[in-house]
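> okay, predicted coordinates and the sequence, questions at the end:
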Number of protein chains: 2
Amino acid sequence: MHTKQSIVQHILKNKQKLPGKQSAEAFASSNIALCKYWGKRNDELNLPVTNSLSMSLGEYGTRFTIRSCEERDDILWINHEKITDNSPIKKRLSHFLDLFRPDPDFYFHIDSHSNIPIAAGLASSASAFAALIKSLDQLFCWECTDTELSILARLGSGSACRSLWPGFVEWQKGTLDNGMDSHGVPLNVTWADLRLAIVMIDQNPKTISSRVAMKSTVDTSPLYRAWPDCVSQHLVEIKSALMTQDIEKLGRAAEQNALAMHATMMSSQPGIIYSQPETLKIMQQVWQCRAENIPVYFTQDAGANLKLLFTTEVTDAILARFPQV
Amino acid sequence: MHTKQSIVQHILKNKQKLPGKQSAEAFASSNIALCKYWGKRNDELNLPVTNSLSMSLGEYGTRFTIRSCEERDDILWINHEKITDNSPIKKRLSHFLDLFRPDPDFYFHIDSHSNIPIAAGLASSASAFAALIKSLDQLFCWECTDTELSILARLGSGSACRSLWPGFVEWQKGTLDNGMDSHGVPLNVTWADLRLAIVMIDQNPKTISSRVAMKSTVDTSPLYRAWPDCVSQHLVEIKSALMTQDIEKLGRAAEQNALAMHATMMSSQPGIIYSQPETLKIMQQVWQCRAENIPVYFTQDAGANLKLLFTTEVTDAILARFPQV
């Protein structure tokens, strides 16, 4: 039986156990999946049922500054605000840091800055866990490979394993029980004209976490068993579209993938609907744009907000029609 | 290869070929499926992929008055309005009536009255084709059984085969190629306290017909293949809930069935979303009611409107919270 602890020990077995520096700082971009990660085959190790594929948000993400802490507890600051001990986010981070303490009385002081809203379906936890693991790598002078960091980040939050690289990254689901082959792999693709814009509909934290929604879908949705084949088909289309820079093909596959993911949630018991009335309005607007030959597509994560996919050719038209992006 | 014509000839082979009366009149109730009909295994004969189960709307439905017509074309009146020849509804009815003309120059005069909005997901075509076939049975003095009329009505519109009876009706999908075992079967259940109320969100005809949406789902939705098992499970739950008059069990299964049907549509290519922003608002209100221990559930057909399921015990609470029902 593999545990997070045993995987961390395996990866760090010949690495430094004590900090090699006073403090360390690292940044990781958020990533938005064009083909979604939805469903785990192993809840403890965050091993997914399917591959997924994301696009980096570049300068949007999270920066961590980390150092050892004199006090008898971890100290966490997020965007200049000190987080209290009973906050779920503090508990989650401390629990994750337990994997890396040189001894049980070693605590961390963490200062985190995010330029994206937290827990609103904008992949804030992905960039946070990726930035955290990068800053730990520097603090302890582990000199891990990006692939090793991707696996470690995955133990904190699944999609964090895609935030170790810029551009397009595929998370290979892997087949091993210990998850050592389940990590991000950067794609050799550049597409300078492609744009991803966020339509903010709701900045509030979501009412149901994506982790809980994902588990409920896998456990109760009668449609979920068709999801893996669905992803395989979308992945082929998305990768082929990235190679040929075909926005229509990319957009169509990404949009259908997002709708299919939300369809599996909607049919879970009880039904989960992240969309708000405004979400549907924006979807209709996107479809109206396409009816007028403006190639724009949407994707939606576990939240009410939409992300628009388009190329720079139509940026002006998009800004005119979606002033809220 | 069976055709509508061959099925009609088979059923009517020993019946009267000419009208036995001057005119005839018949009424059929609309029906709302608690377990939906979504997908055909035979497009020509309207043979479904799965069973479905409905509840009659009682006094809400369509009344047809029919007689032979002296003019050289069918004449159709709907709610005191004469329908023009190129109207899709006129074409569809005349095409269906072709199956029953004693000779090609025999035309019908039809006067139809509906007390439900047409083509807004309120099963208007179900009650129309059921009332039409009942009025033809009387006009020609066929004296068909209800089961035969159910099969004939199904040739006009699938769900019409459930509108031949009051109360709860299961449409047995059947297994024969000629569809002679695919018809409504009334359930031996009464539940006097059960209520179904319609929340009108949009009275306009829908932008995509349920026939087209159904076909697109079957042909393109990667999640559709999980639908038949989903229906089997919901049918067991719904029938058991009807037997024990368990509103919670009934409502939960019916609501999940509707959401799963819309989930299959949402994941079709292109995605089909009948819900409007207001639809989502009402869904959230229904869920809020349940959080406050008011047992009310929704179902949704191929349209933006919702139907609420509850028992008379909470009628006052429902009317207070949903003044638009």
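Looks like it came in fine.
> contacts, neighbours, all on C-alpha from now
OK.
> which positions in stretch A:48-62 come out as buried?
By 16 or more other CA atoms under 10 Å in any protein chain shown, the buried positions in stretch A:48-62 come out as A:48-57, A:60-62.
> anything in it near chain B?
No: using CA under 8 Å from any CA of the partner chain, stretch A:48-62 stays clear of chain B, coming no nearer than 15.1 Å.
> need the residues of the stretch 201-325 of chain A near chain B, please.
So the stretch 201-325 of chain A meets chain B at A:222-227, A:229-230, A:256-257, A:259-260, A:262-264, A:266-271, A:275-281 (CA under 8 Å from any CA).
> could you redo the last one with a cut-off of 6 Å?
A:222-223, A:226, A:230, A:259-260, A:263, A:267, A:277, A:280 (CA under 6 Å from any CA of the partner chain).
> about what we covered before: and of the buried residues of stretch A:48-62, the nearest to chain B?
Taking CA to the nearest CA as the measure, chain B lies nearest residue A:50 of those, at 15.1 Å.
> once you drop chain neighbours, what's closest to that closest one?
residue A:173 (5.6 Å; CA to CA, 6 or more residues apart in numbering or on different chains).
> so the one you found makes contact with residue A:180?
No: Residue A:173 is beyond contact range of residue A:180, at 10.0 Å (criterion: CA atoms under 6 Å).
> out of those two, which sits in the more crowded spot?
Neighbour totals were compared for residue A:173 and residue A:180, and residue A:173 leads with 22 against 18 (other CA atoms under 10 Å in any protein chain shown).
> most distant residue from the centre of chain A?
Largest separation from the mean C-alpha position in chain A: residue A:292, at 32.6 Å (CA atoms, centre = their mean).
> for chain A, which strand is longest?
Looking across chain A with DSSP state E, the single longest strand is strand A:52-69.
> partners of that strand in the sheet?
Here strand A:52-69 has these sheet partners by DSSP bridges: strand A:23-35 (antiparallel), strand A:107-114 (antiparallel), strand A:168-172 (antiparallel).
> output those as a markdown table; include the columns mean neighbour count and mean pLDDT.
Conversion of these to a markdown table gives the following (neighbours: other CA atoms under 10 Å in any protein chain shown; pLDDT from 0 to 100):
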| stretch | mean neighbour count | mean pLDDT |
| --- | --- | --- |
| strand A:23-35 | 26 | 97 |
| strand A:107-114 | 20 | 95 |
| strand A:168-172 | 23 | 98 |
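> export those strands to CSV and tack on distance to residue A:206?
Below are the strands paired with strand A:52-69 laid out as CSV (distance: least, CA to CA, whole Å):
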stretch, distance to residue A:206
strand A:23-35, 17
strand A:107-114, 17
strand A:168-172, 25
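> still on that earlier bit, contacts for the helix or strand following the longest strand of chain A next, please.
Once the chain leaves strand A:52-69, the next helix or strand it forms, by DSSP states H and E, is strand A:75-78. The contact list for strand A:75-78 (CA atoms under 6 Å, 6 or more residues apart in numbering or on different chains) reads A:82-83, A:109-113.
> partner strands of strand A:75-78, parallel or antiparallel?
Counting by DSSP bridges, the strands paired with strand A:75-78 are strand A:81-82 (antiparallel), strand A:107-114 (parallel).
> pLDDT of it, averaged?
Strand A:75-78 shows a mean pLDDT of 94.
> same question for stretch A:138-150.
Averaging pLDDT residue by residue across stretch A:138-150 gives 97.
> what are the buried residues along it?
By neighbour count on 16+ other CA under 10 Å, the buried set for stretch A:138-150 is A:138-142, A:144, A:146-150.
> what's the farthest-apart pair in those?
A:139 and A:147 (18.1 Å; CA to CA).
> that older thread, which of the contacts of strand A:75-78 sits closest to chain B?
residue A:83 (30.8 Å).
> read off the pLDDT value for that closest one.
For residue A:83, pLDDT reads 92.
> how many residues are close by it?
Neighbour tally, residue A:83, other CA under 10 Å: 15.
> so how far is residue A:112 from it?
To residue A:112, residue A:83 is 11 Å away according to CA to CA, to the nearest Å.
> how far off centre is the host helix or strand of residue A:153?
Element membership for residue A:153, per DSSP H and E: helix A:146-156. In terms of CA atoms, centre = their mean, to the nearest Å, the centre of helix A:146-156 is found 12 Å from the chain centre.
> now chain A, which segments are flagged as low pLDDT?
Judged by pLDDT under 70, chain A has its weakly predicted residues at A:117-123.
> where do the helices sit along it?
For chain A, the helices defined by DSSP state H cover A:4-11, A:88-97, A:124-139, A:146-156, A:210-220, A:227-244, A:247-266, A:277-291, A:315-321.
> out of the ones you listed, flag the one nearest residue B:99.
When these are compared (using CA to CA), the closest one is helix A:277-291, at 38.9 Å.
> which other helices and strands contact the closest one?
Applying 3 or more CA pairs under 6 Å, 6 or more residues apart in numbering or on different chains; DSSP states H and E, one finds that helix A:277-291 contacts helix B:277-291.
> please save the CA atoms from the helix it packs on in PDB.
C-alpha atoms of helix B:277-291 as PDB (Å, rounded to 0.1, in the frame of the first residue of the first chain):
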ATOM      1  CA  PRO B 277     -30.800  31.600 -16.700                       C
ATOM      2  CA  GLU B 278     -34.300  31.600 -15.100                       C
ATOM      3  CA  THR B 279     -34.300  27.800 -15.200                       C
ATOM      4  CA  LEU B 280     -31.200  27.600 -13.100                       C
ATOM      5  CA  LYS B 281     -32.600  30.100 -10.600                       C
ATOM      6  CA  ILE B 282     -35.700  28.000 -10.100                       C
ATOM      7  CA  MET B 283     -33.600  24.800  -9.700                       C
ATOM      8  CA  GLN B 284     -31.600  26.600  -7.000                       C
ATOM      9  CA  GLN B 285     -34.900  27.600  -5.300                       C
ATOM     10  CA  VAL B 286     -36.200  24.000  -5.400                       C
ATOM     11  CA  TRP B 287     -32.900  22.900  -3.700                       C
ATOM     12  CA  GLN B 288     -33.300  25.600  -1.200                       C
ATOM     13  CA  CYS B 289     -36.800  24.400  -0.400                       C
ATOM     14  CA  ARG B 290     -35.500  20.900   0.200                       C
ATOM     15  CA  ALA B 291     -32.700  22.300   2.500                       C
END
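> buried residues in it?
B:277-280, B:282-283, B:286-287, B:289.
> quickly check these for the two that are furthest apart.
By the measure CA to CA, B:277 and B:289 form the most distant pair in the buried residues of helix B:277-291, at 18.9 Å.
> ok, back up a step: out of the contacts of strand A:75-78, which comes closest to residue A:44?
residue A:110 (24.5 Å).
> list the residues that contact that closest one.
A:65-66, A:76.
> cutoff 10 Å now
A:23-25, A:64-69, A:74-78, A:82, A:93, A:132, A:135 (CA atoms under 10 Å, 6 or more residues apart in numbering or on different chains).
> look up how far residue A:103 lies from it.
18 Å.
> for residue A:2, same thing?
21 Å.
> and what of residue A:93?
According to CA to CA, residue A:93 stands 17 Å off from residue A:103.
> closest to chain B out of the buried residues of stretch A:138-150?
So of those, ranked by how close each gets to chain B (CA to the nearest CA), first place is residue A:150, at 30.6 Å.
> now do the contacts for that closest one.
By CA under 10 Å, 6+ apart, the neighbours of residue A:150 are A:129-130, A:133-134, A:144, A:158-165, A:171, A:182-185.
> same thing with residue A:66?
Contacts for residue A:66 (CA under 10 Å, 6+ apart) come out as A:22-26, A:75-76, A:108-112, A:132, A:135-136, A:138-139.
> much appreciated, bye for now.
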